[in-house]
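> sequence unavailable; structure follows:
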């Protein structure tokens, strides 16, 4: 049997887990199947890689040697694959954008399409900022247009170049007939008895919102996490109040109002790989993103401070 990368991944998984049982669970295998695979690998390498005991497994001297090499080989192969994907896909003209929901991505696509009609613009959307950033790091996307809460670090901060497009105060959405809808701004504490609705995400916004509520003296009793259209509907019918960015467009049946003291901030960020071919287009794409934000803010129900 020839040694393959998958065999090195199996050996590393067993070492990391410390037992065959836990490693089998992590790899999605039955333990007997993993044990049989390990025996085949050990035969191919000429000796035992692990000592079995009641407390789990421990690498032998041969196992330590193989693990040392695996920790060099596996990241190198992963990096090679990412670079190959990036090289193969970046030869084509155009822009491959990844973004979360909201009007900013649509505005950026429109501006890029109008500015270079001969260069195709493709998009990939996800609720996961980490997934989008990972796509840029792996060369599957040219740019990531995402947001983070407050001063939080963006995903893949060590691998991608990130620049702030703008920053928005987080507003509250209310039904047009809500008793507080007439106010110019609303204190978060005055919403203590409300049900809330918001869109999902894998950043820290949910924790930041909960912390802001605690500072205001309450804990949210109910939060409906759903898609944007459902959030709007729940607000329009008075079932909940919602959180939105200052760029949220004017919508019949609801109003948006800033929160007193601006307890929550949303930063729009553009990210790219600094060594990619797309990096030279970053200043132009950033300028279009900032213009798209200004357009979205002008169309929003209320206006708030923007970034650079």
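Arrived safely, thanks for sending. These figures come from a predicted structure and were not determined experimentally. Numbering: from 1, shown residues only.

> wait, a strand at residue 262?
No. Per DSSP: H, G, I helix; E, B strand; the rest coil, residue 262 lies outside any strand segment and is coil.

> which secondary structure element contains residue 202?
Following DSSP states H and E, there is no helix or strand that holds residue 202.

> contacting residues for it?
Listed by CB atoms under 8 Å, 6 or more residues apart in numbering, the contact partners of residue 202 are 127, 128, 129, 130. The C-beta positions use only the backbone N, C-alpha and C, and glycine is treated the same way.

> 10 Å instead, please
Residue 202 makes contacts with 126, 127, 128, 129, 130, 131, 155, as judged by CB atoms under 10 Å, 6 or more residues apart in numbering.

> for the second one, which non-adjacent residue is closest in space?
So the one you mean is residue 127. Excluding its sequence neighbours, the residue lying closest to residue 127 (CB to CB, 6 or more residues apart in numbering) is residue 200, at 4.8 Å.

> ok, now which ones touch the one you found?
Contacts of residue 200 (CB under 10 Å, 6+ apart): 100, 101, 127, 128, 206, 225, 226, 227.

> of the contacts of residue 202, select the buried ones using a PyMOL command.
Burial among the contacts of residue 202 is assessed by 16 or more other CB atoms under 10 Å; the matching PyMOL selection reads:
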select buried, resi 126+128+129+131+155
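
> so can I have a markdown table of the contacts of residue 202 showing secondary structure, pLDDT and distance to residue 176?
Listed next are the contacts of residue 202 as a markdown table, based on DSSP: H, G, I helix; E, B strand; the rest coil; pLDDT from 0 to 100; distance: CB to CB, whole Å:
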| residue | secondary structure | pLDDT | distance to residue 176 |
| --- | --- | --- | --- |
| 126 | coil | 89 | 32 |
| 127 | coil | 87 | 28 |
| 128 | coil | 90 | 33 |
| 129 | helix | 91 | 32 |
| 130 | helix | 91 | 36 |
| 131 | helix | 93 | 36 |
| 155 | coil | 90 | 37 |
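
> report the two of the contacts of residue 202 separated the most.
127 and 155 (12.9 Å; CB to CB).

> give me the common contacts of these two.
Common neighbours of residue 127 and residue 155 (criterion: CB under 10 Å, 6+ apart): 202, 203.

> which ones are touching the residue in the chain sticking out farthest from the centre?
For the chain, the largest distance from the centre (CA atoms, centre = their mean) belongs to residue 46, which lies 44.0 Å off. Taking CB under 10 Å, 6+ apart, we find residue 46 in contact with residue 62.

> separation between it and residue 1?
Noted for residue 46: a distance of 12 Å to residue 1, by CB to CB, to the nearest Å.

> what do you get for residue 14?
17 Å.

> among these two, which residue is more densely surrounded?
residue 14 (27 against 9; other CB atoms under 10 Å).

> skipping adjacent residues, who's closest to the more buried one in space?
residue 23 (4.4 Å).

> from the contacts of residue 200, pick the one nearest residue 268.
For those, the nearest to residue 268 is residue 100 (9.9 Å; CB to CB).
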